[in-house]
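In: Predicted model and sequence follow; I will ask about them next.
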Amino acid sequence: MAQTKFIKKESLSAWLEELGQDHEVLAPRFEGDSIIFRPYDSEKGFFIDREATAPPKKAIFPQSETLLEYSQIKDMENLSKIAMDVKETIPTTSYVVFGNRPCDARGFTMFDRVYLNGEKVDVYYKARRENTYFITLSCEKGEATCFCNAVGSGPSDPSGSDLLMTPVKDGYYIESVSKRGEELLKSSLLTDGSKMKAEADKYKKAANASMNKAPDFTGSPEKLLAVFDNGAFWEEMSDKCISCGACTYLCPTCYCFNITDEANGLKGTRIRSWDNCMSAQFTSEASGHNPRPAKANRLKNRVGHKFSYYPDLHGGVISCCGCGRCIKSCPVGVDIRQIVLSAIAYKPATKKEA
Amino acid sequence: MNSNPYLPAMATIQEVIEETPTIKTFRVTLNNPNLKKDFTFGPGQVGQLSAFGIGEATFVINSSPTRMDYLQFSVMKTGEVTSMLHTLSAGDQIGVRAPLGNAFPYEDMKGKDIVFVGGGIGMAPLRTLLLFMLDNRKDYGKITLLYGARSPVDMAFSYELPEWLERDDLDTHLTIDAPFEGWEHNVGLIPNVLLDINPSPKNCVAITCGPPIMIKFTVQALAKLGFEDEQIYTTLEKRMKCGIGICGRCNIGTSYVCQDGPVYTYAQLKKLPNEM
Ligand SMILES: Cc1cc2nc3c(=O)[nH]c(=O)nc-3n(C[C@H](O)[C@H](O)[C@H](O)COP(=O)(O)OP(=O)(O)OC[C@H]3O[C@@H](n4cnc5c(N)ncnc54)[C@H](O)[C@@H]3O)c2cc1C
Ligand code: SF4
Ligand code: SF4
Ligand code: FES
């Protein structure tokens, strides 16, 4: 049975301070014009009234992280003989992400199928995932760019979260979603919340009702494949794109990475960092051949991966949480919803009878 | 090999063979005796070799699982990692993440005739399967090998060729692109020589690997000889990083070359989106 609690609005900072004793707390705050998740600092506070500009992806999937440390050990008896010592660096920090939206937490469920449930388990991701708690805030209403309701989610969807907070009078109603989420509820700042359930339910219902009509992505896997070889279609869709990569870096469900070495004398590190399939380098091969030479090829892969290949591999689940960030932050107004809908609506111009 | 799929096993280079001006072969053994004892792979599987400080790159394990004294990788110098690997010599340490990817379905090929068509460094993935079949010779029917390179100098594994030419249970044909003094084998492009050899597609599989353009024309020649798409195997190269289906780099539609490949039948390739 899920535990339900209540916290007064003015107690939130104190609660974060408490949580900060055992965990690194990440909370969104303004940085310039952007709202970014940063280590919580009581002086700088937090801002949870709107969806953050960037998702809290780095808690579990840092922009850059060390996988290995190596050092070469010279044999002083025989200088041409060098032994190599290689160590893995499994992360141990425990994070609490506070004030993320349901789409942000659900985004990691897209990672999980690939990073945890494939043939090989990504031990770095696993360590971070198991050490990270999400205290998610239900949304009050959908923004123009939100479409979580079209991808099997919604403004108070608890999937991927450990706790779900819903605003009620003077504070927040908190439900435990995962068993481990209950560990975070021991604070004396939290009181019994069972009486607020009705009010929270009402809030959630109103939020659901406020959402824009969900675009209908039914059939996207086949329809995107059907236009795969249609160069003109993809040229048109990618016409404006400037290959800046903002859409992938800000996306809670984008998980591609690169692995590179950094040498420092006899020692060095092997690092993994975010990569992005919208860049020309991504697939360029040693022979000089590039299977995705033009931005049209690359946009096709980005949209295809999320709305066709991933669903085909993972029981129909679309690998997009509908957060709308790629739409909001694209400098030239590329809208992934429109691309998928155009592919679904596409009818070959000259359809002759066989 | 390891519970951390990114952690390479350390290995020692036993021998470096200069194959051609741009290709070196590395024979390595794993340092950890238990790993070494338990290590297995199927012909066609690949490994990531680490040049620490530079990075990793993907290479076919081109030795045979029937000969486990060492693992062999042949490396063509093209960029940063491969250049660094070319500086290594016997006794040096190297990181190995293997085996990755799929193998040739050598069990399903039992009882069949086999035609190998290799071009240049593309001979590497064929070599592992060829040696495996030669070591299990009675399981397979007639084995034909057609191996081509630009010139005799560019022919890797040249030290093995005399033995292969001599064996009467292996029908070996060598070819180079243009006449060369002292060359007493075929001259001509691989697909043309293949048409001359004229292997029968009956109860036969063809396995081809080489530069994309060579594969393309070889597949056309095989089709002309009556081979069905299901009878033709090839291996694909894609830029790879993780090698375990996670980093998202090597996919063609739903197929991840690092995991579902590198070995595909031509019939499988035809079903994938057109993004080779
Ligand atoms: C399944 C598989 C099996 C393989 N088997 C073998 C094998 O048995 N033997 C073998 O020799 N090879 C094999 N390869 C190919 C081998 O993996 C590549 O040749 C190798 O990865 C090249 O690595 P590199 O670091 O030396 O090249 P890189 O340094 O990565 O450079 C290669 C090329 O990439 C381009 N490039 C890279 N970075 C940039 C940049 N920043 N800007 C512009 N251009 C850039 C350039 O064109 C450059 O020349 C295989 C590949 C695969 C996928
Ligand atoms: S594709 Fe766009 S809307 Fe979907 S999860 Fe990524 S950033 Fe959000
Ligand atoms: S954010 Fe927009 S312009 Fe930038 S790569 Fe993505 S689609 Fe292209
Ligand atoms: S190389 Fe990373 S997914 Fe294939």
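Out: Structure's in. What do you need? Ligands and ions are numbered 1, 2, ... in the order given.
In: so what's the one residue in the stretch 1-150 of chain B that gets nearest to ligand 1 closest to, chain neighbours aside?
Out: Across the stretch 1-150 of chain B, the shortest distance to ligand 1 (CB to the nearest ligand atom) belongs to B:G79, at 2.0 Å. From N, CA and C alone the C-beta is placed, and that goes for glycine too. Excluding the flanking residues, the one nearest B:G79 by CB to CB, 6 or more residues apart in numbering or on different chains is A:A286, at 5.4 Å.
In: The lowest-mean-pLDDT helix or strand in chain A pairs with which strands, parallel or anti?
Out: When the helices and strands of chain A are scored by mean pLDDT, DSSP states H and E, strand A:82-88 comes last with a mean of 89. Strand A:82-88 has the following strand partners under DSSP bridges: strand A:64-74 (antiparallel).
In: now the strand it pairs with: how far from the chain's centre is it?
Out: 28 Å (CA atoms, centre = their mean, to the nearest Å).
In: list the buried ones in that strand?
Out: By 16 or more other CB atoms under 10 Å in any protein chain shown, the buried positions in strand A:64-74 come out as A:E65, A:T66, A:L67, A:L68, A:Y70, A:Q72.
In: got the contact list for the fourth one?
Out: Contact partners of A:L68, counting by CB atoms under 8 Å, 6 or more residues apart in numbering or on different chains, are A:V86, A:K87, A:E88, A:T89, A:T269, A:R270, B:Y6, B:L7.
In: isn't B:S50 right up against B:A98?
Out: No - B:S50 is beyond contact range of B:A98, at 11.1 Å (criterion: CB atoms under 8 Å).
In: so is the residue in chain A sticking out farthest from the centre in a helix, a strand, or just coil?
Out: Distance from the centre of chain A peaks at A:E77, with 51.8 Å (CA atoms, centre = their mean). At A:E77 the chain is in coil, as set by DSSP: H, G, I helix; E, B strand; the rest coil.
In: can you give me the helices for chain B?
Out: B:33-38, B:80-85, B:123-135, B:161-166, B:190-197, B:212-224, B:266-271 (DSSP state H).
In: Residue 30: what's it in contact with?
Out: In the absence of a named chain, this looks at chain A. A:F47.
In: Not quite, go with chain B.
Out: Contacts for B:L30 (CB under 8 Å, 6+ apart) come out as B:A9, B:M10, B:A11, B:K36, B:F39, B:L71, B:V96.
In: Does the first one touch B:N32 like I think?
Out: Yes - with the criterion set as CB under 8 Å, B:A9 and B:N32 qualify as a contacting pair; they are 6.4 Å apart.
In: higher neighbour count, those two?
Out: Neighbours per residue, other CB atoms under 10 Å in any protein chain shown: of B:A9 and B:N32, the larger number sits with B:A9, 20 against 14.
In: ends of stretch A:274-291, how far apart?
Out: Chord length of stretch A:274-291, first to last residue, is 21 Å (CA to CA, to the nearest Å).
In: Save the buried residues of strand A:64-74 as a markdown table, and put in pLDDT too.
Out: Below are those laid out as a markdown table (pLDDT from 0 to 100):
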| residue | pLDDT |
| --- | --- |
| A:E65 | 96 |
| A:T66 | 96 |
| A:L67 | 96 |
| A:L68 | 96 |
| A:Y70 | 95 |
| A:Q72 | 88 |
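In: Let me know the closest of those to ligand 2.
Out: Nearest to ligand 2 among those, with distances taken as CB to the nearest ligand atom, is A:E65, at 20.9 Å.
In: In terms of helices and strands, where is A:R298?
Out: Under the criterion of DSSP states H and E, A:R298 resides in helix A:295-304.
In: Now look at that helix and say if it contacts ligand 2.
Out: No - judged by CB under 6 Å from any ligand atom, helix A:295-304 makes no contact with ligand 2; its nearest approach is 7.9 Å.
In: tell me the centre residue of chain A?
Out: A:P252 (1.9 Å).
In: is it true that that residue lies in a strand?
Out: No - A:P252: not assigned to a strand; according to three-state DSSP it is coil.
In: So which residues on the stretch 1-150 of chain B come close to ligand 1?
Out: B:46, B:57-60, B:74-76, B:78-82, B:121, B:124.
In: Most neighbours among these, please name it.
Out: B:V46 (30 neighbours).
In: which residues touch stretch A:71-81?
Out: By CB under 8 Å, 6+ apart, stretch A:71-81 touches A:I82, A:A83, A:M84, A:D85, A:L266, A:K267, A:G268, B:F52, B:G91.
In: now swap in stretch B:147-160 and tell me
Out: Contacts for stretch B:147-160 (CB under 8 Å, 6+ apart): B:17, B:19-21, B:23, B:25, B:74, B:116, B:118-121, B:123-124, B:126-127, B:161, B:172-178, B:180, B:182-183, B:189-190, B:193, B:210, B:214.
In: The closest residue to B:P262 other than its chain neighbours - how many residues pack around it?
Out: The shortest distance from B:P262 to any non-neighbouring residue, by CB to CB, 6+ apart, is to B:T235 (4.1 Å). The number of residues packed near B:T235 is 24, by other CB under 10 Å.
In: now A:Y203
Out: Residues within reach of A:Y203, counting by other CB under 10 Å, total 20.
In: tell me the pLDDT at it?
Out: On pLDDT, A:Y203 comes in at 94.
In: is it true that it touches A:V168?
Out: Yes - with contact defined as CB under 8 Å, A:Y203 reaches A:V168; the gap is 7.0 Å.
In: just checking, the residue nearest to the centre of chain A touches A:K58?
Out: No - under the criterion of CB under 8 Å, A:P252 is not in contact with A:K58, lying 11.0 Å apart.
In: The residue in the stretch 51-200 of chain A positioned nearest to ligand 2: neighbour count?
Out: Residue nearest to ligand 2 within the stretch 51-200 of chain A (CB to the nearest ligand atom): A:G107, separated by 6.2 Å. Around A:G107 there are 28 other residues, counting by other CB under 10 Å.
In: Then B:K138?
Out: B:K138 has 6 nearby residues by other CB under 10 Å.
In: tell me the angle of whichever strand in chain B runs longest relative to strand A:64-74?
Out: Secondary structure of chain B per DSSP state E: the longest strand is strand B:9-18. Between the axes of strand B:9-18 and strand A:64-74, defined by axes from the mean of the first three to the mean of the last three CA atoms, to 10 degrees, the angle is 60 degrees.
In: For A:T4, list the residues it contacts.
Out: Counting by CB under 8 Å, 6+ apart, A:T4 has contacts A:Y173, A:I174, A:E175, A:S176, A:D192, A:G193, A:S194, A:M196, A:K197.
In: Find the residue closest to it in space, skipping its chain neighbours.
Out: A:G193 (4.2 Å).
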